[in-house]
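> Below: sequence and its predicted model.
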Amino acid sequence: MAEQECVGFIDMDCFYVAVERTLDKSLVGVPCAVCQYESQQKDTKTVDRTENRKVTVGGASLIAVSYEARARGVTRMMNTGAARKQCPELITVMVPTAHGK
């Protein structure tokens, strides 16, 4: 039997959004993004995945963007402030952290 090649494409940019939507059903169908911790933060507390991690202020970088947010011009690596100017209804969620990282 001859070997065949198979090429697959996995959209990992939306993976973290899919994880957050599994944890919080209110994120399904709305423009949302996942942001990383802020590199300038002084507080190094641990933020558990069960806590409310929705971010309303700050300048953290987006690491994953939903398709709904992409359609409104939001892109990965934008900071949260610029993304909210582009899409005021955007909901951002911070990844869980341990010791600030």
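Received the coordinates, thanks.
> Could you count how many residues lie near M94?
The number of residues packed around M94, counting by other Cβ atoms under 10 Å, is 21. C-beta: built from backbone N, CA, C; applies to glycine.
> what's across from it in the sheet?
Using DSSP bridges, the bridge partners assigned to M94 are C35.
> how much space between it and A71?
Per Cβ to Cβ, to the nearest Å, M94 is found 23 Å from A71.
> do the same with I91
15 Å.
> Please say which of the two ends up with more neighbours.
I91 (19 against 11).
> quick one, helices of this structure?
15-23, 67-70, 80-86 (DSSP state H).
> With distance to K54 as new columns, can the ones you listed be given to me in CSV?
Listed next are those as CSV, based on distance: least, Cβ to Cβ, whole Å:
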stretch, distance to K54
helix 15-23, 10
helix 67-70, 14
helix 80-86, 11
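> So what are the sheet partners of the helix or strand of the chain with the lowest mean pLDDT and their directions?
The helix or strand with the lowest mean pLDDT-type score in the chain, counting by mean pLDDT, DSSP states H and E, is strand 54-55 (a mean of 78). Neighbouring strands of strand 54-55 in its sheet, by DSSP bridges, are strand 91-94 (antiparallel).
> Quick one: residues in contact with the partner strand.
Contacts with strand 91-94, where a contact means Cβ atoms under 8 Å, 6 or more residues apart in numbering, come from 20, 24, 27, 30-37, 47, 53-56, 60, 62, 80, 83-84.
> for the record, mean pLDDT for it?
For strand 91-94, the mean pLDDT works out to 90.
> could you dump it to CSV, C-alpha only?
Extracted C-alpha coordinates of strand 91-94, given in CSV (Å, rounded to 0.1, in the frame of the first residue of the first chain):
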residue,chain,number,x,y,z
ILE,A,91,-14.8,41.3,26.2
THR,A,92,-11.3,40.5,27.2
VAL,A,93,-10.3,37.7,29.6
MET,A,94,-6.8,37.3,31.1
